[in-house]
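J.: next one to model:
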Amino acid sequence: MSNEVVASLLGNLIRESIVELEAPGDPERINKDHPLIIYIQRELSRKLIQSGEEEVEGLEMKIRFMLENDFESLKAILDELVYKYYRSKVFAEGPPDKFREPGRKARWAL
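T.: The predicted structure is shown next:
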């Protein structure tokens, strides 16, 4: 499963992005079956895998390459995907109560 690859290789970076964005919830609860991991896996597959390429091996190879050779670009992609995921949750469900108080907004809610 490519979501397992994403969780094992990028889990810590994804958690860092969640903390940086002040997103709600516990980042430690993010595991291979979390909707955010599945979303990131789908988007990375769409962006990085060429048609006909084996998804799991191809995605793992591209992620490992980017971790070693293009870390900043990978981090920027992950930050963007985490932001988009939490923004879509806000529009679908509304912001959590702690972000409804005046003068307090997390970066992901801006």
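J.: center of the chain - which residue?
T.: Nearest residue to the geometric centre of the chain (Cα atoms, centre = their mean): V82, 4.0 Å.
J.: that one contacts L21, correct?
T.: Yes - contact criterion Cβ atoms under 8 Å: V82 and L21 qualify, at 6.2 Å. No exception for glycine: its C-beta is placed from N, CA and C like everyone else's.
J.: in the helix or strand of the chain with the lowest mean pLDDT, what's buried?
T.: Every helix and strand of the chain was ranked by mean pLDDT, DSSP states H and E. The lowest is helix 71-93, at a mean of 87. Within helix 71-93, the residues that qualify as buried are 74-75, 77-79, 81-83, 85-86, 89, counting by 16 or more other Cβ atoms under 10 Å.
J.: which of those residues sits closest to L13?
T.: L78 (5.4 Å; Cβ to Cβ).
J.: what's the closest non-adjacent residue to L67?
T.: L74 (6.4 Å; Cβ to Cβ, 6 or more residues apart in numbering).
J.: ok, the one you found to L48 distance?
T.: According to Cβ to Cβ, to the nearest Å, L74 and L48 sit 10 Å apart.
J.: got it, and S2?
T.: From S2 to L48 the distance is 11 Å (Cβ to Cβ).
J.: K47 touches I77, doesn't it?
T.: Yes - if you go by Cβ under 8 Å, K47 and I77 touch, sitting 7.2 Å apart.
J.: next, count neighbours for S45.
T.: The number of residues packed near S45 is 18, by other Cβ atoms under 10 Å.
J.: what residues does it make contact with?
T.: Contacts for S45 (Cβ atoms under 8 Å, 6 or more residues apart in numbering) come out as 2, 55, 59.
J.: per-residue confidence for it?
T.: We have a pLDDT of 90 for S45.
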